[in-house]
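> My questions are about this predicted structure, shown below with the sequence.
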Amino acid sequence: MLGTFHKRGMLVVALATLTAAGSVFAQTQPATPGATPAPPATPGYSSSPIQMPSAIPSKSETAPSAFEKLAMSRTFVAKEEAGKLDGFDRAFSEADRDKDGKLNPEEFAVAWAIYTGRT
């Protein structure tokens, strides 16, 4: 008789475990079969390909240091990025020899000298 109660108890425990596991599994799956969950929101990121620099250089910095901050690991500084510097637009226009809207390191050095007054 004790064996029957023991078997029933084991069966109840097994069913309870399966029920709990099913609930957990259902909560982690998409609502519709084949549906993919929405990607997490990324606040603070722009959808434009040009991101603004996180640090704005001061006039006391060297041209290479300022270029590094504005270029953000690229080989140029775009006019939109340089727009954060008040009054830099005139220097940018003068130094942009090929008029492509970007300054390479050499063009940037000329623009920085104009901007800082260290010509």
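Right, received. Where do you want to start? The shown structure was predicted, so the numbers you read here are calculated from the model rather than taken from an experiment.

> Below-threshold pLDDT in the protein: ranges please.
Low-confidence segments of the chain (pLDDT under 70): 1-6, 9-54, 119.

> Show me where it has its helices.
Per DSSP state H, the chain carries helices over the ranges 2-28, 63-71, 79-82, 88-95, 105-116.

> who are the neighbours in contact with the residue lying closest to residue 63 once chain neighbours are set aside?
Spatial nearest neighbour of residue 63, excluding adjacent residues (C-beta to C-beta, 6 or more residues apart in numbering): residue 112 at 3.9 Å. All C-beta atoms are positioned from the backbone trio N, CA, C, and that covers glycine. Contact partners of residue 112, counting by C-beta atoms under 8 Å, 6 or more residues apart in numbering, are 63, 66-67, 91, 118.

> Now the buried members of these.
In terms of neighbour count (16 or more other C-beta atoms under 10 Å), the buried residues within the contacts of residue 112 are 63, 66-67, 91.

> gap between the residue lying closest to residue 79 once chain neighbours are set aside and residue 59?
Leaving out its chain neighbours, the residue that sits closest to residue 79 by C-beta to C-beta, 6+ apart is residue 101, at 5.0 Å. Counting by C-beta to C-beta, to the nearest Å, the gap between residue 101 and residue 59 amounts to 23 Å.

> in stretch 106-119, what's buried?
107-112, 114-116.
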